[in-house]
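Enquirer: Just a sequence and a predicted model for now, questions to come.
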Amino acid sequence: MTNQEITDILVHISQILDIQGENPFKTRAYLRAAQTISSLTFQLNSLENRKEIGKLPGIGSGIAKKIEELLETGKLGYYEDLKKSKYAPLTEFLKIPGIGPKHARLVHDKLGIKTVEELEKAAADGKLRVLPGLGEKAEKNILQGIQQMRKYKERFPLAFIYPRAMAILEDLKKLKEIKKITIAGSLRRMRDTIADADVLAVSDNPEKIMEAFINLPQVAQVVAHGHTKSSIVTKDRFQVDLRVVGAESFGAASHYFTGSKAHNIRIRSLGVDKGLKINEYGVFRKDKRIAGKTEEEVFSSVDLPYIPPELREDRGEIEAAQKGNLPSLVEARYIKGDLHVHTNWSDGNNTIEEMAMAARRKGYHYVAICDHASSMGIVHGLSAERVQRQIIEIRKVNKNFKNFRVLCGTEVDIKPDGELDLDSDTLRALDIVVAAVHSKFTQPEKEMTRRIVRAIENPSVHIIAHPTGRIIGKREPYEVDMDKVMDACKANGKILELNAYPERLDLSDIHCRKAKEKGIKIAISTDAHMTDHLEWISFGIATARRGWIEPKDVVNTMTLAKLLNYLRH
Ligand code: DGT
Ligand code: CA
């Protein structure tokens, strides 16, 4: 049993309990445990680690026992019983944006609805609006939500596919017949969503590779099994295509299958202009291969420098390359700190000290503790008084560090009218103020824009967190005029966050590029709720790179002294 399989079971348990109307503390405990396990960097199923389960943050002894049972027997009696509940099939409804556990139970109990199709029909027939707590508007939202869900279903979030594809790569690398292997497609370009994963390998014995590939433990279904190309669907229900090519074609095939299609078409037509044929096998003049071993060779055959995969979207990268104007993209090694992390003072799993140590282990120079300040109960938001106490605690923690600094920050709610959920005296006492929308996402565009612009104009605010509020695959961005938001940032010298939380990646690549063009600085922050989440910075960096972002555009590439000075002014 893999960590992923355990995570899926824990999430399913929490969802069934939620629909049954169990105590929210109980259901959240399962969710927390799932979050912990899904971001572990080791597998629980090795015997050595098994004893550690009860010690992991966010996992109580009851759930630890259940996980042990899963690992021992591959089954969990409690879960098997729960799955027999009449509410178990309703967890499908929770994938529909706008439907929570209460609605799921309600439509089942009142109308006997058990499937998404039945729910869609009932909504279309106007049968939901009469239910208590629903109405015509809610009914319409449910219909839209179902359509949205179907749209999302075709693509997966990058952060879902990436680690799973990498695990497959690692498995394949163990075969001695594989000489080279790489990801390609949208996965290599690090798009925020991925339809299927493309993998490319070099080998003299492709059939052996194909055989191993279709027999991997992750495989649920073999879609195609050829001599040099096979496709499988994993148990997580995404498709992986593997192609084996000869070493002489590896560069050409990497370039071709990395795409994007639009970029490829442009490169191929540059080739045609020079009398060259460029395809996945190589670069040919008449029938003579003149290049193809490396991607550099392919680019240079059309007089271009190497273009990083994240830029290959035909969004101006070819023109920039021709003029020698390609951006020097930001890389992990430039990042000096994380400016948005949570601790157990609000809804995080670790202490201030643990987060600080983890940030320092990553080689950072600073980390900003930005726990929630919110009067909306759910996230244990800090009151002004607890913010003061946390500042004292952070000062104490800082005494233990040399050449590393924990910054006092907050993630303060922007209330629906644009006011902040902390008074300005408290905000002024902090090193860094991150402000964010966490409520009333459905405001009309004008109100939402005004709300965020007011926060930007507030002299206490430095950064706007996850500026559009999207949750990939679950929630569309709220209606907000990002041009106006960016203009306000520019006018007030404020920073926009690129939230690297895998389901957010907000700002998106397109918005990053726009922010850069307008001369607005961004902060690439993880929003980590536990130490392992600091690793998510890589998805933020990838998104920034897709948005043509260079180190100088990113505030958390600054040294501590420069950053503090920048924030003060
Ligand atoms: P995805 O899978 O929708 O997330 O996005 P991609 O970019 O991975 O697309 P996919 O898997 O259909 O194809 C992988 C790459 O293969 C694509 O990025 C470029 C290349 N490719 C596919 N079809 C064509 C085509 O008709 N012409 C050219 N020039 N390249 C293609
Ligand atoms: Ca693909």
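Expert: That came through, no problem. Ligands and ions are numbered 1, 2, ... in the order given.
Enquirer: can we go C-alpha only for contacts and neighbour counts from here?
Expert: Fine.
Enquirer: which intervals of the stretch 251-400 of the chain have sub-threshold pLDDT?
Expert: In the predicted model, the stretch 251-400 of the chain carries pLDDT under 70 at residues 377-379.
Enquirer: Could you rerun that using 80?
Expert: Along the stretch 251-400 of the chain, segments meeting pLDDT under 80 span 374-380.
Enquirer: Tell me where it has helices.
Expert: Using DSSP state H, counting those that start in this stretch, the helices found in the stretch 251-400 of the chain span residues 261-273, 295-301, 317-322, 352-361, 384-398.
Enquirer: Dump the third one to PDB, restricted to CA.
Expert: These are the backbone C-alpha positions of helix 317-322, laid out as PDB (Å, rounded to 0.1, in the frame of the first residue of the first chain):
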ATOM      1  CA  GLU A 317       9.900  33.000 -27.300                       C
ATOM      2  CA  ILE A 318      11.000  32.400 -30.900                       C
ATOM      3  CA  GLU A 319      11.200  36.100 -31.700                       C
ATOM      4  CA  ALA A 320      12.900  36.800 -28.400                       C
ATOM      5  CA  ALA A 321      15.400  34.000 -29.200                       C
ATOM      6  CA  GLN A 322      16.100  35.400 -32.700                       C
END
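Enquirer: from the chain's centre, how far out does that helix sit?
Expert: Here helix 317-322 is found 29 Å from its chain centre; the criterion is CA atoms, centre = their mean, to the nearest Å.
Enquirer: Can you spell out which helices and strands pack onto it?
Expert: Of the remaining helices and strands, none touches helix 317-322 by 3 or more CA pairs under 8 Å, 6 or more residues apart in numbering; DSSP states H and E.
Enquirer: Which of the helices of the stretch 251-400 of the chain sits closest to Ala29?
Expert: helix 352-361 (20.9 Å; CA to CA).
Enquirer: Give me the residues contacting that closest one.
Expert: With CA atoms under 8 Å, 6 or more residues apart in numbering as the test, helix 352-361 has contacts from 337-338, 341, 343-344, 365-367, 369, 394, 397, 404, 406, 530-531, 534.
Enquirer: Equivalent analysis for stretch 365-375, please.
Expert: Defining contact as CA under 8 Å, 6+ apart, one finds that stretch 365-375 is touched by 336-343, 345-347, 352, 356, 359-360, 379-383, 403-413, 421-422, 432-434, 559-560.
Enquirer: any idea how far Ile524 is from Arg189?
Expert: To Ile524, Arg189 is 18 Å away according to CA to CA, to the nearest Å.
Enquirer: More neighbours: the two, which one.
Expert: Ranked by neighbour count (other CA atoms under 10 Å), Arg189 and Ile524 place Ile524 first, with 31 against 23.
Enquirer: and that one, bridged to which residues?
Expert: Applying DSSP bridges to Ile524 gives these bridge partners: Leu498.
Enquirer: For Asp241, grab phi and psi.
Expert: Note on Asp241: backbone dihedrals following degrees, to the nearest 10 are phi -110, psi 130.
Enquirer: Check the secondary structure at the closest residue to it other than its chain neighbours for me.
Expert: Spatial nearest neighbour of Asp241, chain neighbours left out: Ser231 (4.4 Å); criterion: CA to CA, 6 or more residues apart in numbering. Here Ser231 is strand, with the state taken from DSSP: H, G, I helix; E, B strand; the rest coil.
Enquirer: Tell me the confidence at Ser231?
Expert: Among the per-residue scores, Ser231 shows a pLDDT of 94.
Enquirer: what number of residues lie near it?
Expert: Quick note: Ser231 (other CA under 10 Å) scores 24 neighbours.
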